[in-house]
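1. Sharing a model prediction with you, sequence too.
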Protein chains: 2
Amino acid sequence: MSVLGRPLGVQLLAEVWDCNAEKLNDMKMIEEIMVRAAEKAGAEIREVVFHRFEPQGVSGVVVISESHLTIHTWPELSYAAVDIFTCGERVDPWVALDSLAQELDAEEAHAMEISRGMKNLKRLRKMKEEQGNL
Amino acid sequence: MSVLGRPLGVQLLAEVWDCNAEKLNDMKMIEEIMVRAAEKAGAEIREVVFHRFEPQGVSGVVVISESHLTIHTWPELSYAAVDIFTCGERVDPWVALDSLAQELDAEEAHAMEISRGMKNLKRLRKMKEEQGNL
């Protein structure tokens, strides 16, 4: 595929089940697990923000130079909804997912991988005309 | 569908093209547009964090009680990758998308809607046994 035709980013939508419920409710621990996951994948961390809800649950985001990681936890269901969005070739989102799923003691984790920023054919043709067939 | 079988959340993955490139590179404006989109959809805002990249581009997150909104912008392509993840019945993510697409002067915006936190059949059967057929 030509450079122009490549997606700008790739996003994992991960459904992480049968986690350690206590960990899912521990905001500090979730933050550490998410930051470590980003680091292991080779991402450059820019912003980190986490929030704990009453009576339970944690939401948080790690903004990286290559896009973001997010998590929302339901300790009462031992479930976490995780997104890992990366741009470029250097950072592998699957490494981050493997790291955090292990640290959450997840017995089940499945993910969809979605391409983001796919140019449509009309746009691609126009860009090729303007820039040459890159 | 029974209450147990419902997804925990819904997520829009929105591809927003042919936006106003100057707006896409203005971090303060992007932050305001994203916060307004969350407010119009009826979300309760918890945390707001935005980051501007050199030479161009903005990334940011609005954490809401009902999950999150994220954006990553490519001013050079007039493109923004937007996620809107909501839980519960009260907040309509499509209202947020409509608001921000308008404010970005987007000529094209399409989105996939994905259910998050869908219990598998084995888990559903177990929960029904434990809790009765809710």
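-> Yep, it's here. Numbers count the residues shown, from 1 in each chain, chains lettered A, B, ... in the order given.
2. Buried residues of stretch A:47-64, list them for me.
-> Neighbour-count burial for stretch A:47-64, with 16 or more other C-beta atoms under 10 Å in any protein chain shown as criterion, is recorded at A:47-52, A:57-64. Where you see a C-beta, it was placed from the backbone N, CA and C, and this is true even at glycine.
3. Between the residues you listed, which sits nearest B:Leu4?
-> Minimum distance to B:Leu4 across the buried residues of stretch A:47-64 is 18.2 Å, recorded for A:Gly57 (C-beta to C-beta).
4. How about the backbone phi and psi for the closest one?
-> Torsion angles at A:Gly57 (phi, psi; degrees, to the nearest 10) stand at phi 110, psi 150.
5. Might you enumerate the residues of chain A proximal to chain B?
-> Contact residues (C-beta under 8 Å from any C-beta of the partner chain) of chain A with chain B: A:8-9, A:11, A:13, A:15, A:17, A:46-47, A:49, A:51, A:53, A:59-61, A:63, A:65, A:67-68, A:70, A:72, A:74, A:77, A:79, A:81, A:83, A:85, A:87, A:112, A:114, A:116-118, A:123.
6. Would you point out the helix or strand in chain A whose mean pLDDT is lowest?
-> helix A:121-131 (a mean of 88; mean pLDDT, DSSP states H and E).
7. filter the residues of chain A next to chain B to the buried ones?
-> By 16+ other C-beta under 10 Å, the residues of chain A next to chain B give A:8-9, A:11, A:13, A:15, A:17, A:46-47, A:49, A:51, A:59-61, A:63, A:65, A:67-68, A:70, A:72, A:74, A:77, A:79, A:81, A:83, A:85, A:87, A:114, A:116-117, A:123 as buried.
8. What mean pLDDT does stretch A:98-110 get?
-> Average pLDDT, stretch A:98-110: 98.
9. same question, stretch A:43-51
-> For stretch A:43-51, mean pLDDT is 97.
10. roughly how far out does that stretch sit from the chain middle?
-> Chain-centre distance of stretch A:43-51: 12 Å, with C-alpha atoms, centre = their mean, to the nearest Å.
11. Restrict it to CA atoms and write it as CSV.
-> Provided in CSV are the C-alpha atoms of stretch A:43-51 (Å, rounded to 0.1, in the frame of the first residue of the first chain):
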residue,chain,number,x,y,z
ALA,A,43,5.1,5.2,24.2
GLU,A,44,6.1,8.7,25.3
ILE,A,45,3.7,9.8,28.1
ARG,A,46,2.4,13.4,28.0
GLU,A,47,-0.5,13.6,30.5
VAL,A,48,-2.0,11.3,33.1
VAL,A,49,-5.4,11.8,34.6
PHE,A,50,-7.5,9.3,36.7
HIS,A,51,-10.7,9.6,38.6
